[in-house]
Structure formats: C-alpha cells, structure tokens
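K.L.:
Generate a structure from the sequence data that follows.
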Amino acid sequence: MAVAACAGVLTRDISAARGWRRLAMAALLIGHWVLASTVAAQALESALAPGKMSEAHAKYEDDCEKCHVRFDRNGQDKLCTDCHKDVGQDTRAQTGYHGRMKPQACRTCHTEHKGPGAKIAAFDKTKFDHAQTNYALRGGHQKVDCAKCHLPTKGYRVAMQDCVACHQKDDKHKGSLGPKCVDCHTETNWKEARFDHSKSRFALTGKHETVKCAECHKDTNYKETPHACLACHKKDDKHKTRYGEKCETCHGTKDWKGINFNHDVDTHYALLGKHRTVKCDTCHVGNLYHDKLTNVCVDCHKKDDKHKASLGNECARCHVERDWKERAKFDHAKTDFPLLGKHATVQCKDCHKDVMYKEAPKACIACHKKDDKHKGSLGEACGKCHYERDWKKTSFDHAKSDFPLLGKHQKAECNTCHKSINFKEAPKDCYSCHRKDDKHEDQEGRLCEKCHDEKAWKPAPKFDHGLARFPLLGKHEPLECKKCHVNPRFKDAKIDCYACHVKDDKHKKALSTDCGLCHNARSWKAWVYDHDKQTKFVLDGKHKGLACGACHKLPMEAKVVTSTQCVSCHAKNDVHDGSYGRQCQQCHVSSSFKTIKSRTVTPVGSVAPAPMPPSLGSVRVGRGASGGWLS
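P.N.:
Below is the predicted model of the structure:
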C-alpha cells in the first residue's frame with residue numbers, strides 16, 4: 001500500500017511539471033509573434049514612409065514613434081515640443097514668435113520626409129514680422145541685415161539682445177558705464193543720446209541744463225566726472241578755498257553770483273540788525289570748516305568792550321544788533337540790585353561813575369552818605385529803615401529790633417526816647433525815660449517792668465504780692481494797698497501784725513507784738529495756741545483753765561519772756577516764806593496748792609505734780625522754726 005501511495009504522488013508531480021512546461025512554451029511563442037509583428041509593422045511603416053527625413057531628423061529615420069503617435073495626428077505636436085523644449089516653453093508662456101502666433105499644428109510650417117536637403121524651418125525673411133518675437137526691431141535696427149545679428153552657425157532664437165553684443169566696438173566708454181547702452185542711446189541713431197541726467201547722482205538744474213556734456217565730461221569715462229562744484233568752478237572761487245569745496249551751500253545753479261545761503265535757517269546764529277549787512281569775510285577770516293566761529297559777541301567786539309570784560313562775555317544782555325551804541329536793553333531787575341522806587345528814574349551815571357559797572361557799590365551809604373543824619377551810628381544797612389520811594393519816610397520795624405514797641409510805646413514820638421539821631425544810644429531800661437514817674441523814689445529799684453507794663457503806667461498789674469516778703473493771705477488779699485501802704489514808698493510799710501492791728505490787741509502787749517503766734521489772716525478772732533506743744537510749760541491741773549493774763553501780766557515786744565517757777569505766781573501762797581526754797585513743785589501739785597505730795601506713795605485719787613524744768617531761772621518764750629512756742 002505504501003508503494004502504491006508513493007507511486008500515486010509521483011504520478012501527480014510529473015503531471016504538474018508537464019503543465020508548467022506547456023505554459024512556458026505558449027508564452028514564448030506569443031512573445032515571438034508580437035516581436036515579429038512589431039518589426040514587421042515598423043518595416044511596413046518604413047516601407048510606407050513618403051520620403052527620407054531631413055538632415056536634422058535623419059537619426060530618427062527608422063524610429064517613427066519619435067514623431068508619430070498611432071491613430072492620433074494631434075499627438076504629434078506634443079512629441080515635437082518634447083524635443084524642442086524652448087519652443088514648447090514659448091507656446092505655453094505665449095512668448096516669443098511661436099507663443100504669439102495663431103495656434104496650429106507644427107507640420108503646417110515644418111514638413112518632413114522631403115529628403116535630407118530639405119529646409120523644414122525655411123521662411124521668407126522679407127515678410128517675417130520681427131515684432132512677434134521678444135525683440136521688436138525699431139529705428140536703425142529695421143534696416144539691418146539679419147546676418148548682422150543672427151550668426152549662420154546658430155539658431156535665430158539664440159541671437160544676443162544686449163546692445164553691447166553688437167555695439168562693443170562703438171562703446172566709447174570702454175564698459176565704464178555698464179552694458180545697458182539703451183539707458184542713453186536709441187535705435188534711431190547710436191550717436192544721439194537720450195540720457196536722463198535727473199535720474200543720475202547729479203541732476204542737472206538751472207544753468208547746468210544748457211551746458212554741453214563735453215564741458216563737464218572731458219572724456220568718455222563719464223562716471224569719473226567729479227561732482228564737486230570746485231572741480232569746474234575753481235576759477236570762480238573768490239574765497240580761495242577758505243570756505244571749503246561745498247560751493248552749493250551758498251551758490252545755486254541758476255546764477256553763480258547769486259547767494260542763496262540763509263544764515264538764519266542754515267546755521268544756529270540768525271543775523272539780525274547790522275549783522276545782516278556785514279560781509280562774510282568780516283567774521284569768517286579763516287577757513288570756514290576748520291576755524292569754527294563761536295557765538296560769543298566779544299570775539300568780534302572785544303575792541304568795543306568798554307567794560308574790559310568785567311561784565312562777562314554776554315554783550316547781548318545789554319547791547320542790540322541794530323546799533324552797538326543804542327541805549328541798552330539791560331534789565332536791572334534781573335541783577336542782584338533791582339531798581340525800585342526813585343532808583344528807577346536815576347541816571348546810570350549817578351551810581352556808575354565809570355563803565356566798569358560791576359564796581360558800582362550796592363550799599364546805600366555809598367550814595368546816601370550825605371543823607372545819613374545818624375553819622376554812621378546805625379551802620380550802613382539804610383534799607384532796614386529807609387526805602388526807595390522816599391528817603392525821608394522810614395519803614396523801620398521796631399518789632400524786629402531788640403526793643404519791640406508795645407502798648408503806649410507805639411504811639412510815642414521817636415524823639416521822646418531817641419534824644420539824638422544816634423538811635424542806638426537810646427537806653428532800653430524803663431527808668432531812663434520814666435524816672436519822673438517813679439513815685440517809689442528808687443526804693444523799688446529800676447526794673448519797673450516787674451510791676452508796670454506798656455498799656456498804662458497805672459496800675460501795676462504785673463506786681464505779685466505773693467512773691468514779696470509779705471504774701472497776702474486770707475483777709476489781707478482783698479484789702480486796698482493804701483490800707484497798709486500810706487505812701488508810694490511801699491517798702492516803708494511794716495510787715496509785723498501789731499503795726500496795723502494795735503487797736504485790736506486786747507492783751508496790751510502782754511503776749512508780745514507777734515500777733516501771728518495765735519491769730520491768722522483768715523480771721524482775727526479765730527485764734528489757736530497750744531501751750532502744751534508750743535512751750536515747755538505744760539498746762540495741767542488748775543493751770544489749764546486760767547486766762548492768759550493770769551500769768552502774762554507785763555507788756556512785752558517781740559517775744560514773751562515769763563518765769564516758769566511756781567513762786568513767781570504763788571509767792572503769796574508760800575506759807576514757808578521761802579524757807580523751803582523756790583521749787584514748790586517738789587511738794588505741791590498743780591491740781592491744788594494745798595495738796596502735798598507723799599514722799600513714798602502717791603495717795604489714791606491724787607494727781608501727780610507736773611515735772612518742772614531743771615532750771616529755776618527765767619525761760620524766754622517765743623516762736624520756733626515751726627511756729628510753736630519755745631519756753
């Protein structure tokens with residue numbers, strides 16, 4: 001079975017191989033037939049051709065498909081332009097001769113198969129319309145023979161269109177002006193130029209328009225002709241090149257002698273007044289472009305400067321261009337000494353003694369020394385009091401001095417205080433003027449302003465009694481001055497109470513004249529005195545209720561001097577007649593003189609005697625530093 005199967009497979013493979021061979025043989029036979037048919041067709045077409053090809057197309061004699069398309073006559077034109085690409089480009093762009101002519105088949109003009117010697121591109125030169133090409137013939141070109149431009153070895157379309165290609169021998173400029181001859185020359189006549197000078201770098205204007213070319217262009221190399229005016233007009237330069245070579249700055253082309261330079265517009269220095277008529281050489285003495293002129297007046301007018309440069313170089317501040325000597329336009333208001341009041345009408349020479357104006361003094365005294373009634377005592381600053389409208393009227397402000405005028409001083413005449421014109425000698429103290437008003441007869445000193453002011457001499461509102469040696473307290477405050485001060489000699493008034501209150505002293509001086517020990521300024525009747533604290537003699541026992549006069553009997557002045565010994569009051573009670581000495585307190589007590597102290601024990605209910613001072617002498621009683629008693 002295996003062998004049978006293998007035999008079957010082998011049989012199928014052999015059959016398939018035989019099929020492929022048959023197909024290959026069939027394809028080979030078909031190709032041979034097609035090739036034989038094509039060769040036969042070409043041989044047939046060659047045999048049927050109307051004639052031999054022209055010399056130009058002879059290489060395509062057996063290759064008909066280069067020019068013919070089977071069964072499509074119109075397709076032939078495309079094959080023509082595929083080879084003749086320049087013609088095809090013209091027809092598509094509608095330029096050149098072929099592009100401008102009426103559309104038609106190429107074979108209409110160019111027929112083939114007329115033999116090798118046939119001229120298939122021949123045309124009648126006498127009837128050919130050159131205007132249909134890209135180069136129309138005008139002027140002298142219309143009479144020129146075709147062979148002059150179209151060389152026999154090259155096609156018509158390759159003829160050069162640049163002028164210089166034909167006219168190089170005629171180029172007198174040797175190529176210096178470039179190849180564009182048409183910019184100047186025309187087809188009518190080569191020697192007749194139509195150059196537009198206005199389109200060049202040097203436009204012809206004015207009299208330049210009528211000048212012959214040869215006067216400026218000395219040779220045919222036109223581009224080397226100089227543009228500078230001086231190149232042609234050097235003989236006309238009267239300035240001998242001092243003003244440079246830019247003649248056109250002043251001169252114009254209409255007329256060399258006419259000057260069109262506008263100094264006002266073309267420079268930074270306008271010519272005004274007499275400057276306008278001055279010749280250029282008067283100021284411009286050197287080379288115009290190298291020696292630059294300044295605008296400073298003194299450069300030209302130094303000889304005219306009578307001030308010898310003391311006023312600087314700005315002459316125009318005073319002088320004008322119309323006339324150097326014309327009355328000045330100087331504005332004194334812009335100086336450091338403006339003219340005001342009567343100064344405005346004063347002649348210049350009254351202050352300026354010479355032309356060195358800056359040397360004129362500014363101090364008033366320099367001109368007004370003769371008017372100074374103060375003889376220099378008030379200094380030289382006259383302007384502090386006087387002003388320009390009128391010398392005799394003063395504007396002195398006393399408020400700015402060291403003695404401002406206040407109150408009634410404002411109405412006082414100057415000569416009331418200023419006895420002489422040397423005002424600074426006037427005293428400033430009140431007493432110098434008000435000595436006659438001093439009712440105190442110099443007792444209060446000379447500083448009147450401590451009490452008085454300028455509003456009125458009377459009263460004296462500034463006096464403060466609180467700052468005096470006797471401040472006014474209590475009922476003293478509303479009292480009139482005359483109650484205590486019987487005359488203007490105020491310091492004569494006594495400050496002790498007794499001087500005014502003698503009529504009020506019920507003690508008849510027994511308690512001294514120092515009323516203030518007990519009484520105060522609030523009320524005379526409201527008195528306070530603490531015998532225990534203000535003295536060294538404490539009131540106890542029966543002493544406590546006693547009237548002051550019981551002990552104080554004798555009149556005294558400033559201080560109370562009273563003995564503190566018992567015997568001074570109780571001598572009449574001393575039954576011992578002094579046999580036990582004067583220190584009664586050693587046995588007796590203050591609650592009762594008849595009560596005797598026990599040596600050892602103080603009886604119950606008895607009062608211990610007050611301690612007595614160690615001294616048995618008299619004790620002076622007076623006011624201490626704190627107002628208490630000293631005993």
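K.L.:
what residue ranges in the stretch 451-600 of the chain are flagged as low confidence?
P.N.:
In the predicted model of the stretch 451-600 of the chain, residues 599-600 satisfy pLDDT under 70.
K.L.:
Could you rerun that using 80?
P.N.:
Applying pLDDT under 80 to the stretch 451-600 of the chain flags residues 459-461, 558, 598-600.
K.L.:
now the stretch 1-150 of the chain
P.N.:
By pLDDT under 80, the low-scoring segments of the stretch 1-150 of the chain are 1-49.
K.L.:
one more time with 70, if that's ok
P.N.:
Flagging of the stretch 1-150 of the chain using pLDDT under 70 yields the residue ranges 1-24, 26-48.
K.L.:
now the helices: where do they sit in the stretch 201-350 of the chain?
P.N.:
Here the stretch 201-350 of the chain has its helices, by DSSP state H, counting those that start in this stretch, at 213-216, 229-233, 263-266, 280-283, 298-301, 348-351.
K.L.:
since we're on Ile495, how many residues are nearby?
P.N.:
Ile495 is flanked by 11 other residues according to other C-beta atoms under 10 Å. No exception for glycine: its C-beta is placed from N, CA and C like everyone else's.
K.L.:
if I pick it, what's in contact with it?
P.N.:
With contact taken as C-beta atoms under 8 Å, 6 or more residues apart in numbering, Ile495 is in contact with Arg469, Phe470.
K.L.:
Swap in 6 Å and give it another go.
P.N.:
Phe470 (C-beta atoms under 6 Å, 6 or more residues apart in numbering).
K.L.:
mind checking the SS state of it?
P.N.:
With DSSP: H, G, I helix; E, B strand; the rest coil as the basis, Ile495 sits in coil.
K.L.:
Now it, what are its backbone angles?
P.N.:
phi -110, psi 0 (degrees, to the nearest 10).
K.L.:
between the helices of the stretch 201-350 of the chain, which gets nearest to Phe463?
P.N.:
helix 348-351 (56.1 Å; C-beta to C-beta).
K.L.:
Now that closest one: buried residues?
P.N.:
Of all the residues in helix 348-351, those buried under the rule 16 or more other C-beta atoms under 10 Å are Cys351.
K.L.:
List the contacts of that helix.
P.N.:
Against helix 348-351 from outside (C-beta under 6 Å, 6+ apart): Ala360.
K.L.:
what's the first-to-last distance across stretch 462-469?
P.N.:
16 Å (C-alpha to C-alpha, to the nearest Å).
K.L.:
what do you get for stretch 175-187?
P.N.:
By C-alpha to C-alpha, one end of stretch 175-187 lies 19 Å from the other end.
K.L.:
so which of the helices of the stretch 201-350 of the chain gets nearest Cys587?
P.N.:
Nearest of those to Cys587, taken as C-beta to C-beta: helix 348-351 at 114.9 Å.
K.L.:
pLDDT of the following helix or strand past the closest one, averaged?
P.N.:
Downstream of helix 348-351, the next assigned helix or strand under DSSP states H and E is helix 364-368. Here helix 364-368 scores 85 as its mean pLDDT.
K.L.:
Helix 364-368: which residues count as buried?
P.N.:
Of all the residues in helix 364-368, those buried under the rule 16+ other C-beta under 10 Å are Cys364, Cys367.
K.L.:
Now find how far off-centre that helix is within its chain.
P.N.:
With C-alpha atoms, centre = their mean, to the nearest Å as the basis, helix 364-368 stands 42 Å off its chain's centre.
K.L.:
Quick one: residues in contact with the very next helix or strand once past that helix.
P.N.:
For helix 364-368, the succeeding helix or strand toward the C-terminus, using DSSP H and E, is strand 386-387. Residues outside strand 386-387 that contact it (C-beta under 6 Å, 6+ apart): Thr394, Ser395.
K.L.:
Just the CA atoms of whichever helix or strand comes after strand 386-387, as PDB, please.
P.N.:
On the C-terminal side of strand 386-387, the closest following helix or strand by DSSP H and E is strand 390-394. Only the C-alpha atoms of strand 390-394 are listed here, as PDB (Å, rounded to 0.1, in the frame of the first residue of the first chain):
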ATOM      1  CA  ASP A 390      11.100 158.400  49.700                       C
ATOM      2  CA  TRP A 391      14.300 158.700  51.700                       C
ATOM      3  CA  LYS A 392      12.600 160.700  54.400                       C
ATOM      4  CA  LYS A 393       9.900 158.200  55.000                       C
ATOM      5  CA  THR A 394      11.100 155.200  57.000                       C
END
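K.L.:
Strand 390-394 - which strands sit beside it in the sheet, and in what orientation?
P.N.:
If you go by DSSP bridges, strand 390-394 pairs up with strand 386-387 (antiparallel).
K.L.:
The strand it pairs with - what's its average pLDDT?
P.N.:
Averaged over strand 386-387, pLDDT sits at 82.
K.L.:
wait, which of the helices of the stretch 201-350 of the chain is closest to Asp196?
P.N.:
Per C-beta to C-beta, nearest to Asp196 of the helices of the stretch 201-350 of the chain: helix 213-216, 13.2 Å.
K.L.:
how far out from the middle of the chain is the closest one?
P.N.:
For helix 213-216, the distance to the chain centre is 61 Å (C-alpha atoms, centre = their mean).
K.L.:
Show me what it is in contact with.
P.N.:
For helix 213-216, the surrounding residues in contact (C-beta under 6 Å, 6+ apart) are Thr225.
K.L.:
re the thing from before, any chance of the helices of the stretch 201-350 of the chain in a markdown table, plus mean pLDDT and distance to Asp371?
P.N.:
A markdown table is the format used below for those (pLDDT from 0 to 100; distance: least, C-beta to C-beta, whole Å):
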| stretch | mean pLDDT | distance to Asp371 |
| --- | --- | --- |
| helix 213-216 | 84 | 82 |
| helix 229-233 | 86 | 72 |
| helix 263-266 | 88 | 52 |
| helix 280-283 | 84 | 50 |
| helix 298-301 | 84 | 39 |
| helix 348-351 | 83 | 14 |
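K.L.:
closest to Lys342 out of those helices?
P.N.:
helix 348-351 (10.8 Å).
K.L.:
Quick one: the helices of the stretch 201-350 of the chain as JSON lines, columns for distance to Leu79 too.
P.N.:
As requested, the helices of the stretch 201-350 of the chain are exported to JSON lines (distance: least, C-beta to C-beta, whole Å):
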{"stretch": "helix 213-216", "distance to Leu79": "57"}
{"stretch": "helix 229-233", "distance to Leu79": "66"}
{"stretch": "helix 263-266", "distance to Leu79": "75"}
{"stretch": "helix 280-283", "distance to Leu79": "84"}
{"stretch": "helix 298-301", "distance to Leu79": "92"}
{"stretch": "helix 348-351", "distance to Leu79": "113"}
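K.L.:
Pretty sure Glu321 sits against Arg276.
P.N.:
No - with contact defined as C-beta atoms under 6 Å, Glu321 does not reach Arg276; the gap is 8.1 Å.
K.L.:
ok, those two, which is more surrounded?
P.N.:
Glu321 (16 against 11).
K.L.:
how about the nearest residue to the more buried one, chain neighbours excluded?
P.N.:
Nearest residue to Glu321 in three dimensions, chain neighbours excluded: Gly273, at 2.8 Å (C-beta to C-beta, 6 or more residues apart in numbering).
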